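Asker: Fold the following.
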Amino acid sequence: MNKKKFLSDTILGIVASSIPLLTLQFVVFPLLSNQVGENTFGLIVTLIGLLTIIASSFGSAINNVRLMLNSEYEREHVTGDFTLLLWILQALGFVASLVCVFVFGNSFSLFGILLFALIPVINTSTAYYQAAFRLEINYKRILINSIIESVGYISGFGLFLVTGYWQFIYILGFGFCLIYHACLCNPLIRESAHRTHLYKKTSRNLFVLVLASFLTGALAYIDRLILFPLLGGESVSVYYVSTLIGKMIPLAIGPIAGVMLTYFAKMTRISRRVILHILLLSAIAGAIGFVVCILLSSPLLSFLYPSIAGDAIQFIYITTLTGMVNMICIILNPIVLRFYNINWQIIINAINLAVYLGLSLLLLNTYGLMGFCIGVLIATIVKFVIMTVVCLKRESPA
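Answerer: Below is the predicted model of the structure:
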């Protein structure tokens, strides 16, 4: 592995991930909150969580499966399965989003429902097409893609001010990326759609990763789905703001996991020593990140969300610690995904979800929103322990 190339790709990946994230969290969402009020903003945040669960489950799964199996397709000189599977995922995303909007957003107009349902379709496409950049290990194009995505978000917010449809924020954000892929003549777009002899294996791996990604996405955003019906939109807004800083670092660190998987795809095994080094560096980064987040939280949240920050600050220490533990889990996940049985993806996330739901609901009922935060922290620690045991129990299989 070229260490300089890995480091430069990691830095590019972090920057690429941070640009659209910062644009949404520190520009678009605060402005949107001021425009619509706390209760409506809580509903929008809940719906965005649902969209993210759907789109990230499908998009990240097909992206990672393409990365993992691409060399096999190249050896066999066949194509077609992934385009067909992409169409299936797009259709499922469209239907799933319609169900979600009827459950949570029944006040939408017909046009608003259509716009909402289009978001996961476009997002799944752009997430898959970005696999071409990862296969080339071309993180400069990923960075350009992220800048274009951010421009789309800001343009979409401008269109929201004119039309009143917040969905345009995401449609233009992902839509601009789709146009970028088309202009580059992305080779994945040009692939035909038909089944090959590898379809069964590919679809099986995709199913496992979609399920695992769904569980991961549900764990990341289920807090809103629990709190909104039980406590209302204002409590969702308070909790969202309290987790904002703590979730920023794990989300920004996500590209490191992507770069790791890109390079791990070319390896057959990994040693305990390397895993221990990764754990140590992650723990140090988590400790530094915790201190930085705590120092920044009060002034930053008071500036961005002045009407909500006062209620949110009391939860900052617990939600930030949860974010840092989750960051380490994100870094460990490519190791588990690449070097151990793929079924661990489902087992780990299923256990995590069960603990999460049991503890968070129990403690929410007893101690309110603070109890909910503690339950989420414990569930995240349990996930970290399981992943560490899986990675360190034995040497990875060849």
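Asker: Can you tell me the SS state at Phe79?
Answerer: Quick fix: residue 79 reads Thr, not Phe. coil (DSSP: H, G, I helix; E, B strand; the rest coil).
Asker: from the middle of its chain, how far away would whichever strand or helix holds Leu32 be?
Answerer: Take DSSP states H and E as the rule and Leu32 turns out to sit in helix 29-36. In terms of CA atoms, centre = their mean, to the nearest Å, the centre of helix 29-36 is set 22 Å apart from its chain centre.
Asker: Phi and psi next, for the residue nearest to Gly217 when sequence neighbours are not counted.
Answerer: The shortest distance from Gly217 to any residue other than its chain neighbours is 3.8 Å, reached at Ile53 (CB to CB, 6 or more residues apart in numbering). Quick note: C-beta positions are derived from backbone N, CA and C, even for glycine. Ile53 adopts backbone torsions of phi -60, psi -50, taken as degrees, to the nearest 10.
Asker: and the helix or strand where Ile122 lies, which residues are buried?
Answerer: Element membership for Ile122 (DSSP H and E) is helix 110-129. Residues 112-113, 115-129 are the ones in helix 110-129 that count as buried (16 or more other CB atoms under 10 Å).
Asker: most centrally placed residue in this protein?
Answerer: Ser56 (5.7 Å; CA atoms, centre = their mean).
Asker: Are there helices or strands packed against the helix or strand hosting that residue, and which ones?
Answerer: If you go by DSSP H and E, Ser56 is part of helix 38-76. When contacts are defined as 3 or more CB pairs under 8 Å, 6 or more residues apart in numbering; DSSP states H and E, helix 38-76 packs onto helix 29-36, helix 81-104, helix 110-129, helix 131-135, helix 199-231, helix 233-264.
Asker: Which helix or strand lies directly C-terminal to the fourth one?
Answerer: Right, helix 131-135. On the C-terminal side of helix 131-135, the closest following helix or strand by DSSP H and E is helix 139-163.
Asker: Next, the buried residues of that next one.
Answerer: Buried residues in helix 139-163 (16+ other CB under 10 Å): 139, 141-157, 159-160.
Asker: ok, then the element right after the lowest-mean-pLDDT helix or strand in the chain?
Answerer: When the helices and strands of the chain are scored by mean pLDDT, DSSP states H and E, helix 233-264 comes last with a mean of 66. Sequence-wise, the next helix or strand downstream of helix 233-264 (DSSP H and E) is helix 272-304.
Asker: what angle sits between that next one and helix 29-36?
Answerer: 40 degrees (axes from the mean of the first three to the mean of the last three CA atoms, to 10 degrees).
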